[in-house]
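Asker: Here is my input, please return the structure:
(chains A and B)
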Amino acid sequence: MANIFPRGSNILPIKIVVCALVLVNAVSMGMWYYFTPKYTRVGYQPAQPVPFPHDVHVGQLGMDCRYCHSFVEVAAHSNIPTTQVCMNCHSQVQRDNPKLAPIRDSWASGKPVEWVQIHKTSDFVYFNHSAHVNRGVSCVSCHGKVNEMPVVYHAKPHSMAWCLDCHRDPKSALRPLNQITNLNWEPKDEDVQKFVSTFGRPEGWEGKDITKSTDKLTQEDIGSVLLNKWHINPPDKNCAGCHR
Amino acid sequence: MKRIFEHPSTPLTGKKYWRSLGQLDDTPEFRGWLEREFPQGAAEIQGGDVTRRNFLKLMGASTALAGLGLSACRRPTMHLVPFTRGVEWSIPGKPLFFHHRPAHAPRLCSAGGDDARRTPHEDRRQPPARGEQGCDG
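Answerer: Residues are numbered from 1 along each chain as shown, chains lettered A, B, ... in the order given. Coordinates of the predicted model:
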């Protein structure tokens, strides 16, 4: 009787194993990248009922973030402004702009404007805006340069690994509280004398004559001083810190 | 690799086995039926333009196209709905305590606060708890 399986089938188990390994690797690598917020969230830019240009309001007019997001310093939730806040100015300015029709309708009818949510923290995560903003973490650290966005988009991944990057190294994000909503702030812009007189000297600056020195502060200098000054110790190993 | 499987050849001598009654009868109708690859009615849906082949073609194509691009695999659009007119003193997510005593209500305590404490959440005022004395001030 002839052989049922041809000679070539002797190598078949090895072929199957190799194929399976390649497949498993490809799937896990694919999921590693494509199933993470780095891919699924960054760049999310939905159309809003009113195309509110942050670059005009903040970048050109110089409005502070907290004029509209007024409770960011006192509440866990950073609020979206009410129609009333829009109408504070737009009852005077751009009164006939057709793009603002939803705002005027909302003001007339009392029906709120439904803005499309971009940044969404999962329900199993405790996140408090005020805790971050009052301890030297700027808006720009999590939301990107909103002051340059004509239409807001999701700029940072907001994944757990991304949170932990900062929670394990808070120095990289801390800045003086008066620069929290200044999204264009750079560590080198910081006035050295003012900083030192307010918060103390950074490590390595002990003997330096700051009145004559032209050295600039770095993020490392500023971050480490503020970290010690404010006793910043974010939860980085304790799961219950954020998953309460 | 495709293998052509051949049935064992029919033995010339000895018993011959038949595989169906049709083969046993060996009528011309049965031979004609055996020659056709697809018996009548099996291959095609009869009548009209909807043939079996066309049906499978269209359904296969539409299923494949429906899956293309994962059209149903979208994040649901969620909305943020702020107040139209701001509510005084209210901070989102924080209860606002205030003291309140209806005009007709009697004083509850002689000293300290004489009001019942109310805790509205997002301007939805809560009724006082049962038996609340409200003299915590």
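Asker: only C-alpha atoms for contact and neighbour calcs from this point on.
Answerer: Noted.
Asker: Name the single longest helix found in chain A.
Answerer: In terms of residue count, the longest helix belonging to chain A (DSSP state H) is helix A:12-34.
Asker: Mind checking what secondary structure A:F124 has?
Answerer: Under DSSP: H, G, I helix; E, B strand; the rest coil, A:F124 falls in the coil class.
Asker: For it, give me its contacts.
Answerer: With Cα atoms under 8 Å, 6 or more residues apart in numbering or on different chains as the criterion, the residues that contact A:F124 are A:H243, A:R244.
Asker: near chain B, which residues of chain A show up?
Answerer: Residues of chain A lying close to chain B (Cα under 8 Å from any Cα of the partner chain) are A:71, A:74-77, A:79-84, A:106-107, A:110-117.
Asker: Just those: which are in strands?
Answerer: Judged by DSSP state E, the residues of chain A next to chain B include A:W115, A:V116 as members of strands.
Asker: Now the buried members of the residues of chain A next to chain B.
Answerer: Buried subset of the residues of chain A next to chain B (neighbour count, 16 or more other Cα atoms under 10 Å in any protein chain shown): A:71, A:74-77, A:79-84, A:106-107, A:111-116.
Asker: What residue, apart from its backbone neighbours, is nearest A:R244 spatially?
Answerer: A:Y126 (6.5 Å; Cα to Cα, 6 or more residues apart in numbering or on different chains).
Asker: Helix, strand, or coil at the residue nearest the centre of chain A?
Answerer: Taking Cα atoms, centre = their mean, the centroid of chain A lies closest to A:C142, which sits 1.2 Å from it. For A:C142, the secondary structure call by three-state DSSP comes out as helix.
Asker: Beyond the lengthiest helix in chain B, next helix or strand please.
Answerer: Using DSSP H to define each element, chain B has its longest helix at helix B:52-67. Following helix B:52-67 in sequence order, the next helix or strand is strand B:79-80 (DSSP states H and E).
Asker: For that next one, name the packing helices and strands.
Answerer: Counting contacts by 3 or more Cα pairs under 8 Å, 6 or more residues apart in numbering or on different chains; DSSP states H and E, strand B:79-80 packs against strand A:115-116.
Asker: Contact distance from chain A - what residues of chain B qualify?
Answerer: Chain B comes close to chain A at residues B:77-86, B:91-94, as judged by Cα under 8 Å from any Cα.
Asker: now these: which count as buried?
Answerer: The neighbour count (16+ other Cα under 10 Å) marks B:V81, B:P82, B:F83, B:T84, B:R85, B:I91, B:P92 as buried among the residues of chain B next to chain A.
Asker: what's the neighbour count on the residue nearest to A:R244?
Answerer: A:Y126: 14 surrounding residues under other Cα atoms under 10 Å in any protein chain shown.
Asker: residues in contact with it?
Answerer: Neighbour list for A:Y126: A:G241, A:C242, A:H243, A:R244 [criterion: Cα under 8 Å, 6+ apart].
Asker: Make CSV out of those and add distance to A:V146 and secondary structure.
Answerer: Shown next, in CSV, are these (distance: Cα to Cα, whole Å; DSSP: H, G, I helix; E, B strand; the rest coil):
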residue, distance to A:V146, secondary structure
A:G241, 28, helix
A:C242, 25, coil
A:H243, 28, coil
A:R244, 30, coil
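Asker: Where neighbours are concerned, which of those has the most?
Answerer: Neighbour max across these (other Cα under 10 Å) = A:C242, 15 neighbours.
Asker: what's the spacing between the closest residue to that residue other than its chain neighbours and A:C239?
Answerer: Leaving aside its chain neighbours, A:C242 sits nearest to A:Y126 (4.9 Å; criterion: Cα to Cα, 6+ apart). Computed as Cα to Cα, to the nearest Å, the A:Y126 to A:C239 distance reads 11 Å.
Asker: Just give the number of residues close to A:T214.
Answerer: 9.
Asker: Which strand or helix spans it?
Answerer: Per DSSP H and E, there is no helix or strand for A:T214.
Asker: Tell me which stretches of chain B form helices.
Answerer: Under the criterion DSSP H, helices of chain B are mapped to B:21-25, B:28-35, B:52-67.
Asker: of all those, which lies closest to A:F52?
Answerer: Of all those, it is helix B:52-67 that lies closest to A:F52, at 35.0 Å by Cα to Cα.
Asker: State the mean pLDDT of that closest one.
Answerer: Mean per-residue pLDDT for helix B:52-67: 85.
Asker: Disregarding residues adjacent in the polypeptide, which is nearest to A:G110?
Answerer: B:T84 (5.8 Å).
Asker: Run a quick check on that neighbour versus A:S109, I expect a contact.
Answerer: No - using Cα atoms under 8 Å, B:T84 is not in contact with A:S109, being 9.1 Å away.
Asker: who touches both of those two?
Answerer: Common neighbours of B:T84 and A:S109 are not found (criterion: Cα under 8 Å, 6+ apart).
Asker: Sketch out the low-pLDDT regions of chain A for me.
Answerer: A:1 (pLDDT under 70).
Asker: what about the helices in it?
Answerer: A:12-34, A:37-40, A:54, A:65-68, A:83-90, A:101-109, A:129-133, A:139-143, A:160-167, A:192-199, A:219-229.
Asker: which one of those is the most hemmed in?
Answerer: helix A:54 (a mean of 21; mean count of other Cα atoms under 10 Å in any protein chain shown).
Asker: Name the nearest residue to A:K38, ignoring sequence neighbours.
Answerer: A:P157 (4.7 Å).
Asker: Would you confirm that the one you found contacts A:F35?
Answerer: No - here A:P157 lies out of contact with A:F35, judged by Cα under 8 Å, at a distance of 11.7 Å.
Asker: Low-confidence ranges, chain B, go.
Answerer: B:1-8, B:37-49, B:69-73, B:98-137.
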